[in-house]
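A.B. asks: Return atomic coordinates for the entry below.
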Amino acid sequence: MATQTTAPLKTIDCGDGIIAIDTYYHRPMMDASHLIIAQNEAAFIDVGTKFSMPHLLGSLDKYKVRREEVRYIILTHIHLDHAGGAGHLMQALPHATLLVHPRGLRHMCDPSKLWAGTVQVYGENNTKALYGELLPIDEKRIVCPNDGQNIPLGNRQLNFFYTLGHAKHHFCIQDQQSGAVFSGDSFGISYRELDSSKGPFILPTTTPIHFDPDAMHKTVDAIVERAPPAVYLTHFSRVEGVAKLAQDMHTHIDALTALAQNYQATLKQGVESLMSAMRTYLWKALDDHGCTLSGEQRATLLDKDIELNAQGLSVWLAGR
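C.D. replies: Model prediction:
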């Protein structure tokens, strides 16, 4: 079985100079980095982990982008499935500037607290297996875009806007040329294996520690108000029919928070009961969506997200 680093390069040309790259985090088609090519400049949006580096650098070779042409490495937020490889990629691309939310700046300069927090959740050995190691980045090579700021990339403009609900260190990016929004985790997750004749199936990510349902509702609306023809999710890549997906997001946010409140008394003993209830809810929603995957196949795709969502809902309830 191929590891993250030895798996074959898998890219998807989405048009408009946008390339999706499979980082192979956990499994194929779970976590995407996106490469934007604009004339003689390029940028990566979210970069996976240390183990994603061969795929990101390989995509430059495949699309004939010279390393010195990569102007920006952009992190929608600093969760390690999005940002864990940033220090390694900055080493490989010495002409690039890192763009990150102001709340993420100190953690990119000194990732020791990020590492310690991850070890606390996963343990030392699992953390190393998932992420390898985190490398610090020189603050002189980092810029923190303001909310609403436009930053040029080749012949196009990228507009940055701050988005709460998933993480306090999160922003989204709208590419002014294509109109598409790169949403990180602010507009949920949608795996291509769950697509049906009704389109993509989407669900919110309520992971620890900053999940805020009211803020997430506002962020979903803010993305829809920009009328993007498509949204690029880190998990996993391009989705269309944004207004319909936003309605689904609102429905699922309310349903999952209601479930968590119903199971609040059991959370002191762990999140297993809430996970079971979430699985029942999502399986029914998938049935209604026309998904034909078996329960075992669904579990393979979603159990990690269900566990993290349950943990985040538990943290949210404890902090209310």
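A.B. asks: Straight-line length of stretch 46-59, end to end?
C.D. replies: Using CA to CA, to the nearest Å, the end-to-end distance of stretch 46-59 comes to 14 Å.
A.B. asks: same thing with stretch 56-70?
C.D. replies: By CA to CA, one end of stretch 56-70 lies 11 Å from the other end.
A.B. asks: Let me know the helix or strand that Gly312 is in.
C.D. replies: With elements delineated by DSSP states H and E, Gly312 resides in helix 295-318, which encompasses its position.
A.B. asks: Show me what that helix is packed against.
C.D. replies: In terms of contact count using 3 or more CB pairs under 8 Å, 6 or more residues apart in numbering; DSSP states H and E, helix 295-318 is assigned the packing partners helix 242-262, helix 272-289. No exception for glycine: its C-beta is placed from N, CA and C like everyone else's.
A.B. asks: Run through who's touching it.
C.D. replies: Contact with helix 295-318 is made by 26-27, 189, 191, 193-194, 203-209, 211-213, 256-257, 259-261, 264, 267, 271, 274-275, 278-279, 282-283, 286, 291, 293, as judged by CB atoms under 8 Å, 6 or more residues apart in numbering.
A.B. asks: same thing but 6 Å
C.D. replies: Contacts to helix 295-318, defined as CB atoms under 6 Å, 6 or more residues apart in numbering, come from residues 191, 193, 206-209, 211, 260, 264, 267, 271, 274-275, 278-279.
A.B. asks: which one of those residues has the most neighbours?
C.D. replies: Of all the contacts of helix 295-318, the most densely surrounded is Thr206 (30 neighbours; neighbours counted as other CB atoms under 10 Å).
A.B. asks: Surely that residue is in a helix?
C.D. replies: No: using DSSP: H, G, I helix; E, B strand; the rest coil, the assignment for Thr206 is coil, not a helix.
A.B. asks: what angle separates the helix holding Gly312 from helix 272-289?
C.D. replies: 130 degrees (axes from the mean of the first three to the mean of the last three CA atoms, to 10 degrees).
A.B. asks: in helix 295-318, what's buried?
C.D. replies: Residues of helix 295-318 classed as buried by neighbour count (16 or more other CB atoms under 10 Å): 298, 301-302, 305-316.
A.B. asks: ranges for the strands of this protein?
C.D. replies: Remark: strands of the chain, listed N- to C-terminal, are 11-13, 18-22, 32-38, 41-45, 70-74, 97-99, 142-143, 150-153, 156-162, 171-175, 181-184, 231-233, 237-239; assignment by DSSP state E.
A.B. asks: number of nearby residues for Met90?
C.D. replies: Using other CB under 10 Å: Met90 sits among 22 other residues.
A.B. asks: Could you do the one 4 residues further on as well?
C.D. replies: Applying other CB under 10 Å, we find 10 other residues in the vicinity of Pro94.
A.B. asks: How about the one 10 residues further on?
C.D. replies: Gly104 is flanked by 26 other residues according to other CB under 10 Å.
A.B. asks: Give the residue spans of this protein that score low on pLDDT.
C.D. replies: Under the criterion pLDDT under 70, the flagged ranges of the chain are 1-3.
A.B. asks: Apply 50 and report the result again.
C.D. replies: Along the chain, the parts satisfying pLDDT under 50 run over 1.
A.B. asks: the residue most distant from the middle of it, which is it?
C.D. replies: In the chain, Ala265 marks the outermost C-alpha relative to the chain mean, sitting 30.6 Å out by CA atoms, centre = their mean.
A.B. asks: how near is that residue to Thr257?
C.D. replies: Going from Ala265 to Thr257 by CB to CB, to the nearest Å gives 16 Å.
A.B. asks: Helices of the stretch 51-200 of the chain, start to end?
C.D. replies: For the stretch 51-200 of the chain, helices defined by DSSP state H, counting those that start in this stretch occupy the ranges 53-62, 80-83, 86-92, 105-109, 112-122, 124-131.
A.B. asks: For these, give me a markdown table that also has distance to His170.
C.D. replies: A markdown table is the format used below for the helices of the stretch 51-200 of the chain (distance: least, CB to CB, whole Å):
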| stretch | distance to His170 |
| --- | --- |
| helix 53-62 | 21 |
| helix 80-83 | 9 |
| helix 86-92 | 15 |
| helix 105-109 | 13 |
| helix 112-122 | 15 |
| helix 124-131 | 19 |
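A.B. asks: can you tell me which residues contact Arg192?
C.D. replies: With CB under 6 Å, 6+ apart as the criterion, the residues that contact Arg192 are 29, 236.
A.B. asks: Then the one 10 residues further on?
C.D. replies: Applying CB under 6 Å, 6+ apart, one finds that Ile202 lies in contact with 188, 190, 245, 248.
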